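# below is the sequence, then the predicted model.
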Amino acid sequence: MANSSWTANHIKSLWQLEIEEDVGKEEVDVKKIQIVHPPCDILPLLQFPTNHHQQDNETKENEDGGRTPLKFISIGQFRPEKDQLLQVEAFSLFLRLAKNKGGLAHNLERTPPILHIIGSVRNEGDEEILNQVKDLAQKLEIEVLII
C-alpha cells in the first residue's frame, strides 16, 4: 500500500510489483500495490463563506484598514503529476467567472484572491515546471504567490 503515485512507483522499482489500477474493487490482489490517499479533515473548509453576503460580513479588515484577500493554497513538489499549470488555469477561470457574479465581482475587484503555491524542486525538470507556472500566471495576469 502506498499514499502516492511516486511512492507506488518507487516500491514497484524496488520490489518488482505491479500497481493495482482498479482500487475500488472488492477483492484486492495482495501482490499488487494499492494507492490509498490519506484522509483529509474537511470540516474546517465548511467555515468558509458560501456566498458574497457572508464574505462581506465575515471578511476582516487587516492592519492598514484594507480587506484580507481570499487565499487558495496548494502544497506539493513541482512535478508533472501535481499539475500546477492546471491549478493556475483553474484559478484564472474562477476569477473570470466570479467577475460576472454581482456583489462577488465587486469584492474581488476591491480585494482580489491570491493563489499560493508552496513547493520545492528536485531537479531541472521540476525547475522548468516552476518557471512555466510563473510564466503562465504572468501571461494570465493573475496574482500567484510561489513559495
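That came in fine, so what should we check first?
# from here on, just use CA atoms for contacts and neighbour counts.
Will do.
# distance-wise, check the residue lying closest to residue 127 once chain neighbours are set aside relative to residue 109.
Excluding its sequence neighbours, the residue lying closest to residue 127 (C-alpha to C-alpha, 6 or more residues apart in numbering) is residue 121, at 5.8 Å. For residue 121, the distance to residue 109 equals 33 Å [C-alpha to C-alpha, to the nearest Å].
# residue 81 in helix, strand or coil?
helix (DSSP: H, G, I helix; E, B strand; the rest coil).
# per-residue confidence at it?
pLDDT for residue 81: 83.
# how is this protein partitioned into domains?
Using automatic domain parsing, the domain parsing of the chain gives 1-39, 42-146.
# just the helices in the chain please.
Applying DSSP state H to the chain gives helices spanning 5-15, 52-58, 84-98, 103-110, 124-140.
# lowest-confidence helix or strand of this structure?
Scoring the helices and strands of the chain by mean pLDDT, DSSP states H and E places helix 52-58 at the bottom, with a mean of 47.
# if we can go back for a sec, would you check that the residue nearest to residue 127 makes contact with residue 78?
Yes. Using C-alpha atoms under 8 Å, residue 121 is in contact with residue 78, at 5.6 Å.
# of those two, which one has the most company?
residue 78 (25 against 15; other C-alpha atoms under 10 Å).
# beta partners for residue 118?
In this entry, residue 118 is beta-bridged to residue 75, by DSSP bridges.
# let me see the contact set for it.
Residue 118 is in contact with 73, 74, 75, 76, 77, 146, 147, counting by C-alpha atoms under 8 Å, 6 or more residues apart in numbering.
# give me that answer again for 7 Å
Residue 118 makes contact with 74, 75, 76, 146, 147, according to C-alpha atoms under 7 Å, 6 or more residues apart in numbering.
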